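>>> got a predicted model here, sequence first, then my questions.
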Amino acid sequence: MNGVERIYEEFNSLIVLASNKGDISQIITINDIFKKILTLSAASYFETEICRILEETISNRSNDDKLVLNFVKNKAIKRQYHTFFAWNSKSANSFFGLFGDDFKKSVTMDIKSSEELDDSIMAFMDIGSSRNDMVHTDFANFQLNKTPGDVYEQYKKAHKFIEYIEEKFKE
């Protein structure tokens, strides 16, 4: 169980406790905080995973050359994640394009042949976009128009994109 799944279970336990007390205002407050924290947690998890996958790919393709790996980590990966994606779009084409036209064309073909992959990418992009909206505006007053369950379902759907990228980079 990763951190996102643990947070989801812990907050659901809080909801059950508040429900058992019949405290509707507490349930509303918990849900409001819960969906924001879950969104940030999912986005953070995805950032960590994408960076890990990139580092492993560079390491494997450079035959574990520490000089190459450290350069790429320090100059191309570290603190660059949010520049990899055009968060307000519904596609990850800007990310795919970073790896060249052949890679982008291959991924585009995969997406066209898999509605599940397309849906996964849209969920991933929506989580990243929601994260940016929250952290670059007034977080405490930000209105996230999703339920915690919606966010968790998006997370699970988006996780398939992470799995796809990991496998695709191994080809």
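Received the coordinates, thanks.
>>> mind jotting down where the helices sit in the chain?
For the chain, helices defined by DSSP state H occupy the ranges 3-21, 24-61, 66-72, 93-97, 101-112, 115-135, 148-170.
>>> as TSV, the ones you listed with mean pLDDT and distance to residue 80 would be great.
(Glycine included, C-beta is placed from N, CA and C.) Formatted as TSV, the helices of the chain follow (pLDDT from 0 to 100; distance: least, CB to CB, whole Å):
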stretch	mean pLDDT	distance to residue 80
helix 3-21	93	22
helix 24-61	96	9
helix 66-72	94	10
helix 93-97	96	11
helix 101-112	97	18
helix 115-135	97	14
helix 148-170	97	16
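>>> put together TSV for those, with mean neighbour count on each row.
As requested, the helices of the chain are exported to TSV (neighbours: other CB atoms under 10 Å):
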stretch	mean neighbour count
helix 3-21	14
helix 24-61	17
helix 66-72	13
helix 93-97	17
helix 101-112	13
helix 115-135	19
helix 148-170	18
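>>> CSV for those helices, including distance to residue 78?
Shown next, in CSV, are those (distance: least, CB to CB, whole Å):
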stretch, distance to residue 78
helix 3-21, 21
helix 24-61, 8
helix 66-72, 9
helix 93-97, 17
helix 101-112, 22
helix 115-135, 18
helix 148-170, 18
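>>> and residue 60, how close does it get to residue 53?
11 Å (CB to CB, to the nearest Å).
>>> nope, residue 93 is what I was after
Applying CB to CB to residue 93 and residue 53 gives a distance of 18 Å.
>>> next: residue 117.
When distance is defined by CB to CB, residue 117 is 16 Å away from residue 53.
>>> what of residue 129?
According to CB to CB, residue 129 stands 21 Å off from residue 53.
>>> now residue 128: how far from residue 158?
Separation of residue 128 from residue 158 (CB to CB): 9 Å.
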